[in-house]
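K.L.:
predicted structure and sequence below. I'll ask about it afterward.
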Amino acid sequence: MEVKKFIKDFSEELEELNQEDILLSDKFRDYEEWDSMTAMMIIAMVDEKYKVVIDPDELKSCTSVEDIFNLVANKK
């Protein structure tokens, strides 16, 4: 799984952010656009684009974009 593609897909779910504005070290909950609906959209995006199922509790344990990336990468 490629980091750049993941960030691109992640940014598409956060419509107000450009992929250039997202860093792996970012605390995604600090994004103004982040809310519970966005979390569900990220879970659905991961399932659809990466064929990986993550549950809300797993996402809750993540703090950075990199944590989500690693969670998905480790399940592939």
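P.N.:
Received it, and whenever you're ready, just let me know what you need.

K.L.:
tell me the pLDDT of residue 18.
P.N.:
Predicted confidence (pLDDT) for residue 18: 88.

K.L.:
in which helix or strand would I find residue 38?
P.N.:
Per DSSP states H and E: residue 38 is located in helix 36-50.

K.L.:
need the contact partners of the next helix or strand after that helix.
P.N.:
Counting by DSSP H and E, the next helix or strand C-terminal to helix 36-50 is helix 56-60. Helix 56-60 is contacted by residues 39-40, 42-43, 68, 71 when judged by C-beta atoms under 8 Å, 6 or more residues apart in numbering. From N, CA and C alone the C-beta is placed, and that goes for glycine too.

K.L.:
pipe these into a markdown table and attach distance to residue 31, neighbour count and pLDDT per row.
P.N.:
Supplementary listing: these in a markdown table, determined by distance: C-beta to C-beta, whole Å; neighbours: other C-beta atoms under 10 Å; pLDDT from 0 to 100:
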| residue | distance to residue 31 | neighbour count | pLDDT |
| --- | --- | --- | --- |
| 39 | 11 | 17 | 96 |
| 40 | 15 | 13 | 97 |
| 42 | 11 | 21 | 97 |
| 43 | 16 | 19 | 98 |
| 68 | 12 | 21 | 98 |
| 71 | 18 | 16 | 97 |
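
K.L.:
nearest to residue 52 among these?
P.N.:
Among the contacts of helix 56-60, residue 71 lies closest to residue 52 (C-beta to C-beta), at 8.3 Å.

K.L.:
now the closest one: how far from residue 32?
P.N.:
For residue 71, the distance to residue 32 equals 23 Å [C-beta to C-beta, to the nearest Å].

K.L.:
and residue 51, by the same measure?
P.N.:
30 Å.

K.L.:
now swap in residue 40 and tell me
P.N.:
Applying C-beta to C-beta to residue 40 and residue 32 gives a distance of 18 Å.

K.L.:
then residue 21?
P.N.:
11 Å.

K.L.:
ditto for residue 61
P.N.:
The spacing between residue 61 and residue 32, counted by C-beta to C-beta, is 22 Å.
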